[in-house]
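Participant: fold the stuff below for me.
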Amino acid sequence: MLLIGDSICNGYQSEVRARLADSANVTFWATSKCVTDPDYFRELDFILDGSRFDLISFNNGLHSLVTDTGEWEEAYRGAVRFILAKKPDAKLLLTLCTSLNDTGKTRRARELNDIAVKIASELGLPVIDLFTPTDSLDKDDEMTDAYHFGEKARAAQADIIASDIRERLGLNCRGIKQQSTETDPDGALR
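Facilitator: Numbering: from 1, shown residues only. From the prediction side, this is the model:
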């Protein structure tokens with residue numbers, strides 16, 4: 001499975017991988033690019049070509065807080081359709097942006113999430129809601145800055161994602177050995 005997102009995804013991906021270690025291989029792509037960036041689709045294409053994925057969790061928004069809403073909606077919808085066309089056999093989940101430790105930025109994240117939910121509804125796609133549980137946190141205690149979360153909150157996000165993925169893929173099996181994506185300096189897998 002593939003987790004697509006930003007630094008928030010980078011923060012929870014290892015925890016998701018640990019929770020699903022006995023039943024799924026998990027990889028991720030974290031980027032600071034907004035879907036409106038001209039290079040985003042080129043890089044997304046490269047990542048999607050890398051493997052076969054049974055499930056893809058897609059998130060893009062926190063690096064779009066100052067992007068024109070109409071432009072972002074068009075590009076986000078385009079990215080979702082691109083993933084669906086490129087990986088028609090994969091289940092696609094749209095993962096909502098987290099809340100922030102800034103009222104204005106949180107309001108904007110909510111607006112982008114509303115658009116993502118609308119697109120999910122139009123295309124019949126499921127949504128993983130990370131916004132609601134992170135919005136109710138004591139942000140001064142649970143966040144390391146306006147955007148990022150401490151260990152406890154990252155673990156809670158991983159629980160939500162891993163549980164949702166386990167249910168959607170029917171992952172009741174055990175005994176899968178995670179494939180390493182770490183390499184030595186010479187490029188050999190560890």
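Participant: when you work out contacts or count neighbours from here on, use the C-alpha atoms and nothing else.
Facilitator: Fine.
Participant: so after the longest helix seen in the chain, what's the next helix or strand?
Facilitator: As assigned by DSSP state H, the longest helix anywhere in the chain is helix 103-123. Sequence order places strand 127-128 as the next helix or strand after helix 103-123, per DSSP states H and E.
Participant: can I get the helix or strand that that next one is followed by as PDB, trimmed to CA atoms?
Facilitator: Counting by DSSP H and E, the next helix or strand C-terminal to strand 127-128 is helix 131-135. What follows is helix 131-135, C-alpha atoms only, in PDB (Å, rounded to 0.1, in the frame of the first residue of the first chain):
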ATOM      1  CA  PHE A 131      -9.100  16.600  11.000                       C
ATOM      2  CA  THR A 132     -11.800  15.900  13.600                       C
ATOM      3  CA  PRO A 133      -9.600  14.000  16.100                       C
ATOM      4  CA  THR A 134      -6.700  16.400  15.700                       C
ATOM      5  CA  ASP A 135      -9.000  19.400  16.100                       C
END
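Participant: centre of the chain to helix 131-135, how far?
Facilitator: Mean C-alpha position of helix 131-135 versus that of the full chain (Cα atoms, centre = their mean, to the nearest Å) differs by 15 Å.
Participant: list the buried residues of it.
Facilitator: Across helix 131-135, burial judged by 16 or more other Cα atoms under 10 Å covers 131, 134.
Participant: what are the contacting residues of it?
Facilitator: 96-100, 110, 153 (Cα atoms under 8 Å, 6 or more residues apart in numbering).
Participant: just put the residues you listed in JSON lines and tack on neighbour count, pLDDT and secondary structure.
Facilitator: Formatted as JSON lines, these follow (neighbours: other Cα atoms under 10 Å; pLDDT from 0 to 100; DSSP: H, G, I helix; E, B strand; the rest coil):
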{"residue": "Leu96", "neighbour count": "26", "pLDDT": "97", "secondary structure": "coil"}
{"residue": "Cys97", "neighbour count": "26", "pLDDT": "95", "secondary structure": "coil"}
{"residue": "Thr98", "neighbour count": "24", "pLDDT": "95", "secondary structure": "coil"}
{"residue": "Ser99", "neighbour count": "26", "pLDDT": "94", "secondary structure": "coil"}
{"residue": "Leu100", "neighbour count": "25", "pLDDT": "94", "secondary structure": "coil"}
{"residue": "Arg110", "neighbour count": "21", "pLDDT": "96", "secondary structure": "helix"}
{"residue": "Ala153", "neighbour count": "20", "pLDDT": "94", "secondary structure": "helix"}
